[in-house]
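**Q** quick one, structure for this:
(one chain, ligands or ions: 2)
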Amino acid sequence: MVTETSIEFNPFMDRKAFDETKEGVKGLVDAKITQVPRIFHVPQDSLTGKKPSVSDLKIPTIDFASVDLDTASREAIVEKVKYAAEKWGSFQVINHGVPLKVLEEIKDGVRRFHEEDPEVMKQYFSRDLVNKNFVYYSNFDLYSSSTSVNWRDTFTCYIAPDPPTPEELPVTCRDAMFEYSKHLMSLGGLLFELLSEALGLKPETLKSKECLKTLLMICHYYPPCPQPDLTLGISKHSDDSFLTVLLQDNIGGLQILHQDSWVDVSPFPGALIINIGDFLQLITNDKFVSVEHRVLANRQGPRISVASFFSSSKHHHSTVYGPMKELLSEENPPKYRDITIKEYTEGYFEKGLDGTSHLLNFRI
Ligand SMILES: O=C(O)CCC(=O)C(=O)O
Ligand SMILES: [Fe+2]
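**A** Ligands and ions are numbered 1, 2, ... in the order given. Coordinates of the predicted model:
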């Protein structure tokens, strides 16, 4: 029997009501709520535990300053990239070639967009990530089976292979996005070269498999949270990308799962975090591992971050991917079946960030 109470507490209805405000989590904070609504609550035991036994454990930091200096310097960097991609699935890069000013401007641009008059933001509000280049929304997986709604708002923009026209981007962040994405494409190129070399292959290998073809910029705004112990900024997940270049501001809260412990990725001015995504784990047949990560909610904020995904797309990629033939042998047979990125991404969206691995579904 459906009682009035069960309708009132029907989580789907609650999510829909939240969605229909089109003002995201920031709208709740602007309305001065003091309690986190129930749809945002995570299961009680999911925030505690899995703390690292060594609390100063850190992801590897790699300095790219001498990458083009000479063969020995490059080989030393490739060795570090190899170690990080195999053992951590994540590393932090300094002297990556993206000017500090460009990093500051993109963070400012993201913040300006999210702090714009809500009526202007609403013009961009949409869940159609397939047909639109630029969309603003809160929680891409709001209507999926994800266990709880995250304390975060987002806008996303496809940059490559078909760049948006200037008119498609809001003025608040237009110039900053074009400028930052230009640098991202060259950093992405370098990263795929180094990763190819780390696999013992020619520098161009991963690029020739179109790993650099699609760039999706995902720009997050995590408003301050009145009860940070009840919810998460982003639930545990690994990225549906080959590689993600992550820029975070100085608030903190990002954690990666390493050897079954949560390790803080503390803000490091000027650094960019590189995360191996599920597709790279798949095509390297588990040689490189995608990293699980999450973001805690915080009383302080807003926290701004920009996650740039190479490649993630539901529409551009019909290429079939499977473990790379170059890496397979009798002792190392394929661990995954062939897939298209479209197939992978659609399933990832349907499932939402429910804490489980989507990659496992494709294991042979
Ligand atoms: O905000 C962050 O630091 C992480 C964002 C993230 O993991 C994602 O967009 O996939
Ligand atoms: Fe992520």
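
**Q** which parts of this structure are helices?
**A** Under the criterion DSSP state H, the chain carries helices at the ranges 4-8, 11-21, 24-30, 71-87, 100-114, 118-122, 174-198, 205-208, 278-283, 341-351.

**Q** quick one: mean pLDDT for the last one?
**A** Right, the one you point to is helix 341-351. Helix 341-351 shows a mean pLDDT of 84.

**Q** ok so, going back, out of the helices of the chain, which is closest to residue 236?
**A** Comparison of these against residue 236 by CB to CB identifies helix 341-351 as nearest, at 12.8 Å. No exception for glycine: its C-beta is placed from N, CA and C like everyone else's.

**Q** follow-up on the earlier one: most tightly surrounded among the helices of the chain?
**A** Among the helices of the chain, the stretch with the highest mean neighbour count (mean count of other CB atoms under 10 Å) is helix 278-283, at a mean of 25.

**Q** okay, it in CSV with CA atoms only?
**A** Listed next in CSV are the C-alpha coordinates belonging to helix 278-283 (Å, rounded to 0.1, in the frame of the first residue of the first chain):
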residue,chain,number,x,y,z
ASP,A,278,39.2,2.9,-17.0
PHE,A,279,39.9,2.9,-20.8
LEU,A,280,43.6,3.0,-20.3
GLN,A,281,43.4,0.2,-17.8
LEU,A,282,41.4,-1.8,-20.4
ILE,A,283,43.7,-1.2,-23.4
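
**Q** which elements pack onto that helix?
**A** strand 320-321, helix 341-351 (3 or more CB pairs under 8 Å, 6 or more residues apart in numbering; DSSP states H and E).

**Q** show me what the first one pairs with in its sheet, parallel or antiparallel.
**A** Read it as strand 320-321. strand 339-340 (antiparallel) (DSSP bridges).

**Q** ranked by average pLDDT, which of the helices of the chain falls at the bottom?
**A** Of all the helices of the chain, the segment with the smallest mean pLDDT is helix 4-8, scoring a mean of 34.

**Q** so residue 124 sits right up against residue 155, yeah?
**A** Yes: with contact defined as CB atoms under 8 Å, residue 124 and residue 155 form a contacting pair (6.8 Å).

**Q** need the overlap of contacts for those two.
**A** Common neighbours of residue 124 and residue 155 are listed as 134-136 (criterion: CB atoms under 8 Å, 6 or more residues apart in numbering).

**Q** nearest to ligand 1, out of the helices and strands packed on helix 278-283?
**A** Evaluated over the helices and strands packed on helix 278-283, closeness to ligand 1 peaks at helix 341-351, with 11.0 Å, by CB to the nearest ligand atom.

**Q** and the closest one, what does it pack against?
**A** Using 3+ CB pairs under 8 Å, 6+ apart as the contact criterion, the secondary-structure elements in contact with helix 341-351 are helix 278-283.

**Q** so how far is the helix it packs on from its chain's centroid?
**A** The gap between the average C-alpha position of helix 278-283 and the chain average comes to 15 Å, counting by CA atoms, centre = their mean, to the nearest Å.

**Q** is it anywhere near ligand 1?
**A** No: Helix 278-283 is not in contact with ligand 1 by CB under 6 Å from any ligand atom; minimum separation 11.3 Å.

**Q** can you list contacts of that helix?
**A** Here helix 278-283 makes contact (CB under 8 Å, 6+ apart) with 85, 89, 195, 209, 211, 238-243, 288-290, 311, 321-324, 336, 339, 341, 344, 357-359, 362.

**Q** equivalent analysis for stretch 22-37, please.
**A** If you take CB under 8 Å, 6+ apart as the criterion, stretch 22-37 is touched by 14, 18, 21, 114-115, 118, 121-122, 125, 136-138, 151-153, 221-227, 230-231, 302.
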